[in-house]
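> Quick one: sequence and predicted model below, then my questions.
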Amino acid sequence: TILARYRTLLRWVLPIACAIVCVGVVIQTPHFQFYNHEAWDAFLWNRHPLRIGRVLYFMLSVSAFYLMAQAYINRSKLPRFPIEMLSILGRNSLYAFLVHIGIAFFAGMAQLKPEQWLIAELIPICTLTIVYVMAKNQVARRWIPN
């Protein structure tokens, strides 16, 4: 309830920020010829100093989690799956981290080309799903610490 006054503003700003990030990702593809990739990618996404693309992405994720938490606190008829998933992954955090590192190691060996952007976007989603299912069913719990 800290940001209760700004909840309506967040409901408008969050989709707009999502659209901006989506447009930014689309125009980052090498085939978009009206975009100076070297200059704009350095301006938006470089690690040092912290760039506006990274800050926007962070604020977008924090806002989304804030709104999701507020929705789950205030409404009882919403599905419980996302909260259950976060709860299981939180209780098994070391296990989830170690399993995800193993999956990331093998996914990194694929050496995807820039044209395979869809596969690159699906890998984190599949990794999260695999880690969740493994944590829920206690797969290899004997060998992987928590």
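Sure, I can see it.
> element containing Arg142?
Assigned by DSSP states H and E, Arg142 belongs to no helix or strand.
> And it, how far from Pro82?
Separation of Arg142 from Pro82 (CB to CB, to the nearest Å) stands at 29 Å. From N, CA and C alone the C-beta is placed, and that goes for glycine too.
> Ok, Gly108 next?
Applying CB to CB, the value for Gly108 to Pro82 is 27 Å.
> Who are the packing partners of the strand or helix carrying Ile119?
Applying DSSP H and E as the criterion places Ile119 in helix 117-137. Under the contact criterion of 3 or more CB pairs under 8 Å, 6 or more residues apart in numbering; DSSP states H and E, helix 117-137 touches helix 81-91, helix 93-108.
> And the last one, what's buried?
In other words, helix 93-108. Within helix 93-108, the residues that count as buried by 16 or more other CB atoms under 10 Å are 95-96, 98-100, 103, 107.
> Let me have those in CSV, extended by pLDDT and distance to Asn146.
Converted to CSV, those look like this (pLDDT from 0 to 100; distance: CB to CB, whole Å):
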residue, pLDDT, distance to Asn146
Tyr95, 89, 4
Ala96, 89, 9
Leu98, 89, 9
Val99, 90, 11
His100, 89, 14
Ile103, 89, 17
Ala107, 84, 23
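> Name the nearest of those residues relative to Ala71.
Using CB to CB, Ala96 is the member of the buried residues of helix 93-108 that lies nearest Ala71, at 24.1 Å.
> So which bits of the helix or strand hosting Gly24 are buried?
Using DSSP H and E, Gly24 falls within helix 7-27. By neighbour count on 16+ other CB under 10 Å, the buried set for helix 7-27 is 10, 14, 17, 24.
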